[in-house]
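In: sequence below, structure please.
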Amino acid sequence: MELNDANLQTLTEFLRKTLDPDPTVRRPAEKFLESVEGNQNYPLLLLTLLEKSQDTVIRVCAAVTFKNYIKRNWRIVEDEPNKISDPDRTAVKANIVNLMLSSPEQIQKQLSDAISIIGREDFPQKWPDLLTEMVARFRSGDFHIINGVLRTAHSLFKRYRHEFKSNELWSEIKLVLDTFALPLTELFKATIELCQTHATDVNALKVLFSSLTLIAKLFYSLNFQDLPEFFEDNMETWMTNFHGLLTLDNKLLQTDDEEEAGLLELLKSQICDNAALYAQKYDEEFQPYLPRFVTAIWNLLVSTGQEVKYDLLVSNAIQFLASVCERPHYKHLFEDQNTLTSICEKVIVPNMEFRSADEEAFEDNSEEYIRRDLEGSDIDTRRRAACDLVRGLCKFFEGPVTAIFSGYVNSMLSEYAKNPRENWKHKDAAIYLVTSLASKAQTQKHGITQANELVNLTEFFVNHILPDLKSPNVNEFPVLKADAIKYVMIFRSQLPKEQLLQAVPLLITHLQAESTVEHTYAAHALERLFTMRGPNNATLITAAEMAPFTEQLLNNLFKALAFPGSAENEYIMKAIMRSFSLLQESIVPYIPTLIGQLTHKLLQVSKNPSKPHFNHYLFESLCLSVRITCKANPTTVSSFEEALFPVFTEILQNDVQEFLPYVFQVMSLLLEIHSNSIPASYMALFPHLLQPVLWERTGNIPPLVRLLQAYLEKGGETIARSAADKIPGLLGVFQKLIASKANDHQGFYLLNSIIEHMPPESLTQYRKQIFILLFQRLQSSKTTKFIKSFLVFVNLYCVKYGAIALQEIFDSIQPKMFGMVLEKIVIPEVQKVSGPVEKKICAVGITKVLTECPAMMDTEYTKLWTPLLQALIGLFELPEDDSIPDDEHFIDIEDTPGYQTAFSQLAFAGKKEHDPIGDAVGNPKILLAQSLHKLSTACPGRVPSMLSTSLNAEALQFLQGYLQAATVQLV
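Out: Alright, predicted model coming up:
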């Protein structure tokens, strides 16, 4: 694509169409952009548009498209096409910093993100001058430019907060510090001076304070891994100024907005974070500064209001106290009973209150409320911070703290009892306090695993939680109902089973509550209870115990999906999946109605898949319906196909990418249930499964291979008879897969199924080419994974077609090739084969080579006979050789870059392990003994003499054992 006006015009038109709400206009435009993104100059055209277009909308759209393009394609992944040419990469890096700094803020943000994505891959090795170029801009004095640099540096360095320690990381941080620490400190001091100079100019202050906030964030990232020498030497400068900023109160920067945090709050929040970091990690060096920070932060907490805009500041400030109070050598700061009472009264209790803002979120923004409250993304809420402070204080002062709070809990509950309608928030706070006091350790899987001995959870459950669950009107006091449900869920491992069983029907009733939070919590609590393990690894709650409530449970779960706002509620769908899994065959009578509801739901969500978890559990539930029903009666598989195929066809025709891997898995499950024939509806689809475009997406590969294996297993004969023209397409897929290090094992799965299930004559003309392709790959890149798969294939071929055929095909490619393969690959590497079925295939194949291949007895191959036998006995007796050369260890760990629903394995579509040899060979050691006996009767004397001359003593001993077990002798 040339850099010219015509192309810029075309690109502008397509970008405009991608903003169109009508999918028939939008989709083709997105597809077009995807199709040209591999062309040279494409990124430069986008950058030209975002710089020069007259239309602001197009500029922003080009910036977003550019960032997403970089996100998808910048990282170079082995085996995947590299879509960005080297000249384009160089040109992008040469221009992007300048462009970012001269662009308006909306575009600056996108380009700043793009720089950090490129930096993650290329900095410092392939982009050494990035930092020097950025630091040079500090001198410009223009804070629009300086903030651009700071923002980019922040997005580039923030990964230091969660990267694992490594030499590479340390040397990168050292390089950054050498270039960046001093200019950053100078900028920090200069900016603080400017704040004093412009103390009365509100516009200047806004810009300067946003710079200070970014500088404070950079301080956090650069100090996170370890305390750098530079910052230790300059601690006085940083900490004195941080302390000054914490205590600063400039009336001009106060905002009227009650919701949105202002610049002052954001800066102070970050400083609290920085102080907490030093208090936790570098307490010795930070000790001289600690008392004044504790005082400043305490004063801040006591004087800050309840408005939402202060939430982040208050929660960070409380987190600072929490991190200080659990360090042994700051214990003395908190020991005094008055201090503890004062903390409880002035900091903890007020921040546990359920505010009107929480109530609004509960009613109108339930998804966000649930995310914060259930999934713990409430890191920055006041309640969570207060709860952490309670835990921190309990570490050294459990007795006194519990005593202080028990008083509060009792008074709150008695306030509630006086007038529930007016004072329900008191009970909510009391439940929250009890929860935070009682929970010492918590896991996602088991809820609270360690509780405070001083709190009687069961008694509290009976007196204060059960009455709320039992109240006949599920829609009254929804917040307290949600609290009660959450209590059961959190303390499920602490409450006795009879109380949980008492709660189950009550929870089922709460699925009918109108409040989204309430019915979601009920679904989540049931799902968690159903996964609890009882004695001998069974579920704690059994299907029999659920029998009286089965119908109501299924009814209410499906009805709950009809509530406004819960049409794609992932918690309800997960509860449906878990209920199916727990109830097993007791759901069979309900399946005819339920499957209709599930497929209808699938049709709706496939139009615009937006909730990946919901979709995953939906497909899991479909798989469970199929497996449970067909286990009871395999002939029902056709009624499932009737229900599902119309929807699947639509998904395939509309190319709903996120759903294809799931559809292929469910189809495999259905096809594997059929007895040995393949229905016409599947054969009609077969040619489509070989289309190259489907195989381009990594997420499709495992499920598609499995589906093709099911086709081969059920209909190898049919394919050879009625679709022989498709065999080259099938082998083309195999060729594509084995060329890739990441997917070569999938290529072998397919090839092994072809060899096992296709009639031999249908493959005659292709066999030699298959082996040649495998040898080419062996020469170009020989990995352990490839060799293991290659060995299994070669031996499977031998089992299927016989040892003579194997020797002949090798030697037809190149004379003496068979011996080379045995000597260089089979004998030294067979020890690496893992997995019982794989080992069995190799054992039977090698046994055939040893005993059914005349060339092994009287040609130059004979010298390999004993080493091969020795290797086979080694395969039986020695531990598996799992050594992998260093660099290979990392090959397929990389996740696929960019947003691609990589393959999502459905747990309930699981495939049984298939043994191609089956019962024909029970014990391969006995088979070896019998085959050697047969060989020795055919040529008496030969076998014992070969054994006695060159087989080592230990192997010989094992062999004697096999012969005895098989009750045969060698002659």
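In: every contact and neighbour count from this point should use C-alpha atoms.
Out: Fine.
In: before we move on, which element is Gln450 in?
Out: Element membership for Gln450 (DSSP states H and E) is strand 447-451.
In: just checking, what packs against the helix or strand just after that strand?
Out: The element immediately downstream of strand 447-451 (helix or strand, assigned by DSSP H and E) is helix 457-460. Taking 3 or more Cα pairs under 8 Å, 6 or more residues apart in numbering; DSSP states H and E as contact, there are no helices or strands that helix 457-460 lies on.
In: packing partners of the helix or strand encompassing Glu34?
Out: Using DSSP H and E, Glu34 sits in helix 23-36. Counting contacts by 3+ Cα pairs under 8 Å, 6+ apart, helix 23-36 is packed against helix 5-17.
In: again, only this time at 10 Å
Out: For helix 23-36, the elements it packs on are helix 5-17, helix 56-73, judged by 3 or more Cα pairs under 10 Å, 6 or more residues apart in numbering; DSSP states H and E.
In: just those: most buried one?
Out: Across the helices and strands packed on helix 23-36, averaging neighbours per residue (mean count of other Cα atoms under 10 Å) puts helix 56-73 on top, at a mean of 20.
In: now the strands for the chain?
Out: All strands of the chain, identified by DSSP state E, fall at 439-443, 447-451.
In: OK, contacts around Glu363?
Out: By Cα atoms under 10 Å, 6 or more residues apart in numbering, the contact list for Glu363 reads 369, 478-479, 515-517.
In: now it: how far from Met352?
Out: Using Cα to Cα, to the nearest Å, Glu363 is found at 19 Å from Met352.
In: and what of Gln106?
Out: Gln106 is 37 Å from Met352, by Cα to Cα.
In: neighbour count winner among the two?
Out: Using other Cα atoms under 10 Å, the more surrounded residue of Gln106 and Met352 is Met352, with 21 against 12.
In: pull up the gap between the residue lying closest to that one once chain neighbours are set aside and Ala322, please.
Out: Excluding its sequence neighbours, the residue lying closest to Met352 (Cα to Cα, 6 or more residues apart in numbering) is Arg383, at 5.0 Å. Distance, Arg383 to Ala322, by Cα to Cα: 13 Å.
In: hey, which helix or strand in this structure has the poorest pLDDT?
Out: strand 439-443 (a mean of 67; mean pLDDT, DSSP states H and E).
In: Gly922 is in contact with Ala843, isn't it?
Out: No: counting by Cα atoms under 10 Å, Gly922 stays clear of Ala843, with 11.8 Å between them.
In: quick one, which of those two is more surrounded?
Out: Ranked by neighbour count (other Cα under 10 Å), Gly922 and Ala843 place Ala843 first, with 27 against 11.
In: list the contacts of Pro612.
Out: Residues in contact with Pro612 (Cα under 10 Å, 6+ apart) are 568, 570, 618, 658-659, 901.
In: pipe these into CSV and attach neighbour count and distance to Ser675 per row.
Out: Output for the contacts of Pro612, formatted as CSV (neighbours: other Cα atoms under 10 Å; distance: Cα to Cα, whole Å):
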residue, neighbour count, distance to Ser675
Glu568, 23, 36
Glu570, 22, 35
Leu618, 24, 27
Glu658, 22, 30
Phe659, 23, 27
Thr901, 17, 32
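In: count of residues packed around Gly941?
Out: Gly941: 12 neighbours (other Cα under 10 Å).
In: sorry, back to before: reformat the contacts of Pro612 as JSON lines; add distance to Glu877 and pLDDT.
Out: Rendered in JSON lines, the data for the contacts of Pro612 read as follows (distance: Cα to Cα, whole Å; pLDDT from 0 to 100):
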{"residue": "Glu568", "distance to Glu877": "54", "pLDDT": "97"}
{"residue": "Glu570", "distance to Glu877": "49", "pLDDT": "96"}
{"residue": "Leu618", "distance to Glu877": "46", "pLDDT": "97"}
{"residue": "Glu658", "distance to Glu877": "46", "pLDDT": "91"}
{"residue": "Phe659", "distance to Glu877": "45", "pLDDT": "96"}
{"residue": "Thr901", "distance to Glu877": "42", "pLDDT": "40"}
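In: so which of Arg383 and Ala322 has more stuff around it?
Out: Legend: neighbour count by other Cα under 10 Å for Arg383 and Ala322, higher for Arg383 (25 against 21).
In: run through the stretch 551-700 of the chain and note the low-pLDDT ranges.
Out: The model of the stretch 551-700 of the chain has no residue with pLDDT under 70.
In: cool, and the stretch 251-400 of the chain?
Out: Low-confidence segments of the stretch 251-400 of the chain, defined by pLDDT under 70: 376-380.
In: counting contacts, what elements does the top helix by length along the chain pack onto?
Out: In the chain, assigned by DSSP state H, the helix with the most residues is helix 382-418. On a contact count with 3+ Cα pairs under 10 Å, 6+ apart, helix 382-418 meets helix 311-325, helix 337-343, helix 349-352, helix 366-374, helix 420-438, strand 439-443.
In: pick the most deeply packed of the ones you listed.
Out: It is helix 311-325: most buried of the helices and strands packed on helix 382-418 by mean count of other Cα under 10 Å, with a mean of 25.
In: quick one: it to helix 382-418, angle?
Out: Helix 311-325 and helix 382-418 are oriented at 100 degrees to each other (axes from the mean of the first three to the mean of the last three Cα atoms, to 10 degrees).
In: now do helix 311-325: distance to the chain's middle.
Out: Mean C-alpha position of helix 311-325 versus that of the full chain (Cα atoms, centre = their mean, to the nearest Å) differs by 30 Å.
In: remind me what it packs against, helices and strands.
Out: Looks like helix 311-325 contacts helix 263-281, helix 290-303, helix 349-352, helix 382-418 (3+ Cα pairs under 10 Å, 6+ apart).
In: and the angle from that helix to helix 290-303?
Out: Using the same axes, to 10 degrees: helix 311-325 against helix 290-303 is 140 degrees.
In: for helix 311-325, output the C-alpha coordinates as PDB.
Out: Presented in PDB, the C-alpha positions along helix 311-325 are these (Å, rounded to 0.1, in the frame of the first residue of the first chain):
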ATOM      1  CA  ASP A 311     -12.900   6.700  48.700                       C
ATOM      2  CA  LEU A 312      -9.500   6.000  47.100                       C
ATOM      3  CA  LEU A 313      -7.700   8.400  49.400                       C
ATOM      4  CA  VAL A 314      -9.400   7.000  52.500                       C
ATOM      5  CA  SER A 315      -8.900   3.300  51.500                       C
ATOM      6  CA  ASN A 316      -5.200   3.900  50.700                       C
ATOM      7  CA  ALA A 317      -4.700   5.800  53.900                       C
ATOM      8  CA  ILE A 318      -6.300   2.900  55.900                       C
ATOM      9  CA  GLN A 319      -4.200   0.400  53.900                       C
ATOM     10  CA  PHE A 320      -1.100   2.300  55.100                       C
ATOM     11  CA  LEU A 321      -2.200   1.900  58.700                       C
ATOM     12  CA  ALA A 322      -3.000  -1.700  58.100                       C
ATOM     13  CA  SER A 323       0.500  -2.400  56.600                       C
ATOM     14  CA  VAL A 324       2.100  -0.600  59.500                       C
ATOM     15  CA  CYS A 325       0.200  -2.200  62.400                       C
END
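In: tilt between that helix and helix 263-281?
Out: 20 degrees.
In: does Gln319 touch Cys272 like I think?
Out: Yes: using Cα under 10 Å, Gln319 makes contact with Cys272 at a distance of 8.3 Å.
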